[in-house]
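Novice: Have a look at this prediction, sequence included:
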Amino acid sequence: MSTNTLATCLIWLAALFVTAVFVCLLADIISQGLTGLSWSYLIEPPQDAGRAGGIGSIIVSTGLILLVAIATSAPLGLATAILLTEFSTQKSTFAQFVERSLDVLSGIPSIIFGLFGNAFFCIYLGLGFSILSGGLTLACMALPILIRTATEGLRAVPNDYRLSAAALSMTRTSALIHLLVPAATPALVAGLMLGIGRAGAETAALIFTSGYVDRMPDSVMDSGRALSVHIYDLSMNVAGGDAKANSAALVLIILLFVINSVSSFLANHWMHKRIIHL
Amino acid sequence: MKPLFIDSKMRLDPAEHKVPNDSYTLGPIQAGEPCCIPKTLFSIKNLSLHYGTKPALKNVSLDIYEGCITALIGPSGCGKTSFLSTLNRLTDMLPDCKVTGDIQFNGNDLRDPSVDVLGLRRDIGMIFQKPVPFLLSIRRNIELPLREHGITKQSEVDSIVQQVLQDVGLWEEVKDRLESSALALSGGQQQRLCIARALALKPKVLLMDEPCSALDPISSAVVEDLITSLRGRYTVIIVTHNLAQAKRIANYAGFFWVSDRAGCLIEFGQCKQVFEAPVHELTAAYVDGSRG
Amino acid sequence: MSLSHTDQNLSLILQLCALIAAAVVLLILVFLLSESWPVLQHVSVWRFFSDDAWHPAQDLYNITPMLSATLLSTLGALLLSTPLGIASALFTRYYAPPALAAWYRRLIELLAGIPSVVYGLWGLTTLAPLVGQLHPPGVSLLTAILVLALMILPTIALTVDSALRAVPVAYHHSAAALGLSRWAIIKNIILPAAHSGITSSVMLAAGRAIGETMAVLMVAGNVVQHPHSLFASVRTLTANIALEMSYAMGDHRAALFVAGLALMLMVLLLVSSAELFKRRSLCLQIH
């Protein structure tokens, strides 16, 4: 057998192996999670440390944490992206500094964000174990990805737009508001969804910031348990919690799958359709 | 900031847009040499332009006359587009772009940092090679720059929209679908919309960067007629690759060529002279088609 | 650049926002340093490597068992997933028919989006019992390696795929025109051309594996010891922080921040060298 045929066989085998392993994994998660999944599971509050009941309050907490994270990081991220694309050249020192910082930020492991969030938001700013602390910590984590996707989206808007707007004697501000940001909207929304997806998958950064309390939160100052933390807690700290953990894992995966699909659809189709005309 | 306006009455004055349509029509339209030497509007001396360290234009000096059509011809990459961009300071937006030399616009230094660039660009409109309709409705495309400049009364805006669309001969084609997307228009219609958008601001000067080259022959002819009809009302500076077109529409012509890897102006004069009795042998070779 | 008043105001606001975004990373560094300062004042850095054991309550701060667990699990995961990841990328780009390649890529993207806690849960409920049949207790270094390998495989496959995509098609075509076989083209032309990009993606994956917390925490057994075999339970640096933060006080808490600092330095070193390689591969292509 020639090297070429051998290589072809090995690569097909590797791909088959990877597919088989992952299909097993997905089938496992789905089949184990499906048994406990029902409408009442989604809306009832957890009982007996999660062994019984549902995940109603936990879904609310997760939603609130993500809402806080997006509400703070989206404006900041958009503003930074606009500065980087529209108000500075790529060579300027300030832009370089901002981009390097974001590169570093995107490489920091989530447990470090957990430590930082605990020290800064919970203790230094006195927010305690709360949904607010957790959301703000996730906002810091989501910033690099939001800024990167928004920057790419804005750079994909043809430069003709900027020149035409300038030739019509429009200020950069109004060109941004009326032309550039609307044209980049699909990419901006896609980035936002991607950020939500990342934040929703996060566990380690939330354990010491938003806490474990599984009651229905009264406000963002309450501690609230995110879905991912719930899965961790059920499987590690609660004897007999595995079945419920599997169901929660399935819910989380479906949620993230939907979010990521919407994101990639927006990025690939909607944006394409709008820009291709030029 | 120092205003650079030609005449304060020429500013977009809401009252002015109420004048009857016939004030927009012109007398007999003529190509060829002007009947008298008109007033100098731009006076350009020793203009050079670099992108980073790469020279793009070297020592260009010429005068542009008010109310005339000036055509700039020459092969690709000889700096004609860069030249146009210096006239409305669009070069400010290009990173690494360095301009030296002297440009007088109506007797004022155009490159003075204190010049109100927004006002300047309102006086000097620009049309690009590729039509750039914004992702908005046809009406909003024209409305947006108007509102930006403080014309917000709906009735005024409407009348201006109708007027400029009539000026570019687009009104009959689009009057029933003003709210539909400008992207749905054909290439020629898009380009005429872009010209209408520029005209709505009542500029004195129109810079046109190969406005017909991305269009099919029929749309191209329509746009060309439109440009001819602007003579007298507007000062038009048009970059074109189409020699026949330049010959048909222009009063003055400038010929650019690349020498020493930088664009420079070889010859400038009345259109007839440049095409029929060129002084420089490069010009002669280019206009009769043996070079370029 | 000349800007109008409105633009200048907007520019100022934007600069402020960008400054905040850029300051986050400095803020993290400052807080890690200030929180670990109390213990660094009276415990020399050397003691984190030379103390007898990790017993913060008894003033013993040896982090080497955790360090070795982190490094060994990362190394093992890389050994498994690098060849598979590269093979996956080659498969989608050069071997699979287009429709199959699209499905395969979609599967990999789907897996890249699965949260680590779910990988951990699956490792704990499915993989650990399997490993336990080979050799108890099941929650061990080997299980951690396997789960980590699964987690970083999609990362490697996707980043190598984009590194391969960046290789000019002309390379492939002109080599094929010379009558080279598919494997010869890949081995002699494509892989060398994409070398920097591949190195960068492996480093990025290593950074992810070192920083991974939940999955490892759930399947590694969490015993503080130098692993004597693949089947020994171990505790990584990240798992240690996650486990002890909830009750750590005083010097103990500060010592955990020191561990965090060490972790951050390792990851940053990897990520920045990955960036360096990536830039080098970009330079090559532009050239």
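Specialist: Looks like it came in fine.
Novice: Name the nearest residue to the closest residue to chain C within the stretch 51-200 of chain A, ignoring sequence neighbours.
Specialist: The minimum distance from the stretch 51-200 of chain A to chain C, using C-beta to the nearest C-beta, falls at A:P109 (2.5 Å). Every C-beta, even on glycine, is put in place using the N, C-alpha and C of the backbone. Leaving aside its sequence neighbours, A:P109 sits nearest to C:G211 (C-beta to C-beta, 6 or more residues apart in numbering or on different chains; 2.5 Å).
Novice: tally of neighbours for the residue of the stretch 51-200 of chain A closest to chain C?
Specialist: 25 (other C-beta atoms under 10 Å in any protein chain shown).
Novice: swap in A:T3?
Specialist: Residues near A:T3, counting by other C-beta under 10 Å: 11.
Novice: Quick one: residues contacting it.
Specialist: C:181, C:183-184 (C-beta atoms under 8 Å, 6 or more residues apart in numbering or on different chains).
Novice: Tell me the most packed of these, by neighbour count.
Specialist: Ranking those using other C-beta under 10 Å puts C:W183 first, with 19 neighbours.
Novice: What strand or helix carries that residue?
Specialist: helix C:182-185 (DSSP states H and E).
Novice: can you give me the helices in chain A?
Specialist: Assigned by DSSP state H, chain A shows helices spanning A:3-34, A:39-43, A:56-86, A:93-107, A:110-117, A:131-156, A:159-167, A:172-175, A:181-200, A:204-207, A:227-237, A:242-265, A:271-275.
Novice: among the ones you listed, which is the most enclosed?
Specialist: helix A:204-207 (a mean of 30; mean count of other C-beta atoms under 10 Å in any protein chain shown).
Novice: how about the strands in the stretch 1-150 of chain C?
Specialist: C:54-55, C:60-61 (DSSP state E, counting those that start in this stretch).
Novice: from the middle of its chain, how far away would the first one be?
Specialist: The one in question is strand C:54-55. 26 Å (C-alpha atoms, centre = their mean, to the nearest Å).
Novice: Adjacent strands (with direction) for that strand?
Specialist: Neighbouring strands of strand C:54-55 in its sheet, by DSSP bridges, are strand C:60-61 (antiparallel).
Novice: residues making contact with the partner strand?
Specialist: C:39, C:43, C:47-48, C:51-54, C:255, C:258.
Novice: Next, the contact list for the spatially closest residue to C:I185 that is not a sequence neighbour, please.
Specialist: Residue nearest to C:I185 in three dimensions, not counting chain neighbours: C:A175, with 4.5 Å by C-beta to C-beta, 6+ apart. C:A175 sits next to C:184-185, C:188-189 when contact means C-beta under 8 Å, 6+ apart.
Novice: now, which of those sits nearest chain A?
Specialist: C:A184 (6.9 Å).
Novice: so what pLDDT did the residue nearest to that closest one when sequence neighbours are not counted get?
Specialist: Ranked by C-beta to C-beta, 6+ apart and with sequence neighbours excluded, the top spatial neighbour of C:A184 is A:N4, at 6.9 Å. Here the pLDDT value assigned to A:N4 is 89.
Novice: Quick one: name the residues of the stretch 101-250 of chain A near chain B.
Specialist: Proximity of the stretch 101-250 of chain A to chain B, by C-beta under 8 Å from any C-beta of the partner chain, involves residues A:158, A:160-171, A:174, A:178-179, A:182-183.
Novice: Now stretch B:73-84: buried residues?
Specialist: Neighbour counts over stretch B:73-84 (16 or more other C-beta atoms under 10 Å in any protein chain shown) mark B:73-74, B:78-84 as buried.
Novice: Dump these into TSV; add distance to B:I238, pLDDT and secondary structure as well.
Specialist: TSV is the format used below for the buried residues of stretch B:73-84 (distance: C-beta to C-beta, whole Å; pLDDT from 0 to 100; DSSP: H, G, I helix; E, B strand; the rest coil):
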residue	distance to B:I238	pLDDT	secondary structure
B:I73	10	92	strand
B:G74	13	89	coil
B:C78	15	85	coil
B:G79	15	87	coil
B:K80	10	89	helix
B:T81	12	89	helix
B:S82	15	90	helix
B:F83	12	92	helix
B:L84	9	92	helix
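Novice: closest to chain C among those?
Specialist: B:S82 (17.6 Å).
Novice: mind listing what the residue of the stretch 151-278 of chain A found nearest chain C touches?
Specialist: Closest residue of the stretch 151-278 of chain A to chain C, C-beta to the nearest C-beta: A:A201 (3.4 Å). A:A201 is in contact with A:228, A:252, A:256, C:113-117, counting by C-beta under 8 Å, 6+ apart.
Novice: picking that back up, and the furthest pair within the buried residues of stretch B:73-84?
Specialist: Farthest pair in the buried residues of stretch B:73-84 (C-beta to C-beta) is B:I73 and B:S82. Separation: 15.1 Å.
Novice: can you pull the contacts of the closest residue to A:L64 other than its chain neighbours?
Specialist: Counting by C-beta to C-beta, 6+ apart, A:I131 is the residue found nearest to A:L64 once chain neighbours are left out, at 4.9 Å. Residues in contact with A:I131 (C-beta under 8 Å, 6+ apart) are A:61, A:64-65, A:68, A:210, A:217, A:219-224.
Novice: Now with 6 Å, please.
Specialist: Listed by C-beta atoms under 6 Å, 6 or more residues apart in numbering or on different chains, the contact set of A:I131 reads A:64-65, A:210, A:217, A:220, A:224.
Novice: Make JSON lines from those and add pLDDT to it.
Specialist: Listed next are the contacts of A:I131 as JSON lines, based on pLDDT from 0 to 100:
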{"residue": "A:L64", "pLDDT": "95"}
{"residue": "A:I65", "pLDDT": "95"}
{"residue": "A:S210", "pLDDT": "92"}
{"residue": "A:P217", "pLDDT": "89"}
{"residue": "A:V220", "pLDDT": "88"}
{"residue": "A:G224", "pLDDT": "91"}
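Novice: Now do the same for B:Q104: helix, strand or coil?
Specialist: strand (DSSP: H, G, I helix; E, B strand; the rest coil).
Novice: for chain A, what are the nearby residues on chain B?
Specialist: B:90, B:93, B:95, B:118, B:121-122, B:126, B:132, B:134-135, B:144-145, B:148, B:183 (C-beta under 6 Å from any C-beta of the partner chain).
Novice: 8 Å instead, please
Specialist: B:88, B:90, B:93, B:95-96, B:117-122, B:125-126, B:128, B:130, B:132, B:134-136, B:144-145, B:148-149, B:183, B:194, B:197-198, B:201, B:207.
Novice: Go ahead and build a PyMOL selection from the buried members of those.
Specialist: Buried members of these, defined by 16+ other C-beta under 10 Å, are picked up in PyMOL with:
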select buried, chain B and resi 88+90+93+117+118+119+120+121+122+125+126+128+130+132+134+135+136+144+145+148+149+183+194+197+198+201+207
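Novice: Okay, and which of the residues of chain B next to chain A map to helices?
Specialist: Those of the residues of chain B next to chain A lying in helices (DSSP H): B:117-122, B:144-145, B:148, B:194, B:197-198.
Novice: right, and A:I231 touches A:A249 too?
Specialist: Yes. A:I231 lies in contact with A:A249 (C-beta atoms under 8 Å); the separation is 5.3 Å.
Novice: Low-confidence stretches in the chain?
Specialist: No chain in the question, so chain A it is. Along chain A, the parts satisfying pLDDT under 70 run over A:1, A:271-278.
Novice: To clarify, I was referring to chain C.
Specialist: C:1-2, C:281-287.
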